[in-house]
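Q: compute the structure for the input listed below.
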Amino acid sequence: MIIKIFTGPLNYDLDKLYQKEEGEFIIGVDQACKLLIDNKIKIDLAVGDFDSSILSKEEVMTYAAETVMFDSIKNYTDTDLAIREALKRSHDEIVIYGGIGKRLDHTYANILLLSFGSYGNIKMINDDTEVSVLTKGIYNIENSYKYISFYALEDILDLTLKGFKYELNNHNLTTLSPLGTSNEGSGTVNFSVGKLLVIKTNEWKKDPKWVLFQKKERGDCCTFSWVVLASQINQAFKDVHPQIYTK
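A: Model prediction:
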């Protein structure tokens, strides 16, 4: 069974990302329940404190087959709680729609939650990005995005990348290394120890929702781009440690 979790921020296009599948189990998280209801998608389980939802708790309980509500003062985020609920159920794959947005703290927290993938195959997607975590093994990676990046959530031993634009052979990748930023293409990933974060992404389009600041007198603006930020960090690392930068 595939479990699909819909969460905030709601910066994704359901028509582009979602396809109904037989046997799917739908979890709506807080404000995402409104999105599901508006698109007439059945909610098997609604999860959250619903403090940011424009729906009342009563409306959610009426529409969802099952509802698990929490107090707004709690130790876990709503997305965390949704994943925990998903892991209680038999599944082959968990897909999280959303979870990637301008709140860097929430985005980072959701990336950390993908480490639960040790207990099940979990990935997180929006219109421009797909994020997943791999445990040791050999993987054939199909990548349709412009960039694919690799980072160590735990120190990685014997990392080998074949077929990508930039290849590696038996490299030990530490949690502090940005070496895997902005690779391209598809290929094979192989490593013997650790957890590997995989980020597939396109350049984000300029959109008013992502403008960080605007100089009105000149009309200049700065948009937030994960790829640009990662590239800047990567360049700084290259300048400091040129001897270990192999690209």
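
Q: partner residues bridging Ile122?
A: Legend: beta-bridge partners of Ile122 under DSSP bridges are Ile94.

Q: strands along the protein, start to end?
A: Ranges of strands within the chain are 2-6, 25-29, 45-48, 67-69, 93-97, 122-125, 129-141, 147-152, 156-162, 168-173, 180-183, 187-201, 211-215, 220-223, based on DSSP state E.

Q: buried residues in the fourth one?
A: By neighbour count, with 16 or more other C-beta atoms under 10 Å as the criterion, the buried positions of strand 67-69 are Thr67. In short, each C-beta sits where N, CA and C put it, glycine included.

Q: then the longest one?
A: Buried residues in strand 187-201, defined by neighbour count with 16+ other C-beta under 10 Å: Gly187, Val189, Asn190, Phe191, Gly194, Lys195, Leu196, Leu197, Val198, Ile199, Lys200, Thr201.

Q: the third one contacts Leu134, doesn't it?
A: Read that as Asn190. No. With contacts counted by C-beta atoms under 8 Å, Asn190 stays clear of Leu134, the gap being 10.1 Å.

Q: out of the buried residues of strand 187-201, which is nearest to Lys42?
A: Nearest to Lys42 among the buried residues of strand 187-201, counting by C-beta to C-beta, is Lys200 at 28.8 Å.

Q: for the closest one, report the pLDDT, please.
A: Looking at Lys200, its pLDDT is 97.

Q: cool, Ile122 as well?
A: 92.

Q: so what's the closest residue to Arg103 other than its chain neighbours up against?
A: Leaving aside its chain neighbours, Arg103 sits nearest to Pro9 (7.4 Å; criterion: C-beta to C-beta, 6 or more residues apart in numbering). Counting by C-beta atoms under 8 Å, 6 or more residues apart in numbering, Pro9 makes contact with Gly98, Ile100, Gly101, Lys102, Arg103.

Q: measure Pro9 to Asp30 for me?
A: Between Pro9 and Asp30 the computed distance is 11 Å (C-beta to C-beta, to the nearest Å).

Q: name the residues contacting each of these two.
A: Jointly contacting Pro9 and Asp30 under the rule C-beta under 8 Å, 6+ apart is no residue at all.

Q: what pairs with Ser132 across the strands?
A: Beta bridges link Ser132 to Lys123, Val198 when assigned by DSSP bridges.

Q: give me the neighbour count for it.
A: By other C-beta atoms under 10 Å, 20 other residues sit near Ser132.

Q: and what of Lys102?
A: If we define neighbours as other C-beta under 10 Å, then Lys102 has 13 of them.

Q: how much space between it and Asn121?
A: 27 Å.

Q: ditto for Asp30
A: 24 Å.

Q: quickly list the domain ranges of the chain.
A: Split into domains by automatic domain parsing, the chain comes to 1-127, 128-247.

Q: by mean pLDDT, show me the worst of these.
A: Minimum mean pLDDT among the domains of the chain: domain 128-247, a mean of 79.

Q: re earlier: so Asp30 and Asn121 - more neighbours on which side?
A: The neighbour count for Asp30 versus Asn121, taken as other C-beta under 10 Å, is higher for Asp30 (25 against 14).

Q: is it true that the more buried one touches Ile54?
A: No. Under the criterion of C-beta under 8 Å, Asp30 is not in contact with Ile54, lying 10.2 Å apart.

Q: tell me the bridge partners for Ala28.
A: I think there's a mix-up here, since residue 28 is Gly and not Ala. Going by DSSP bridges, Gly28 forms beta bridges with Phe6, Ala46.

Q: since that was my last question, I'll sign off now.
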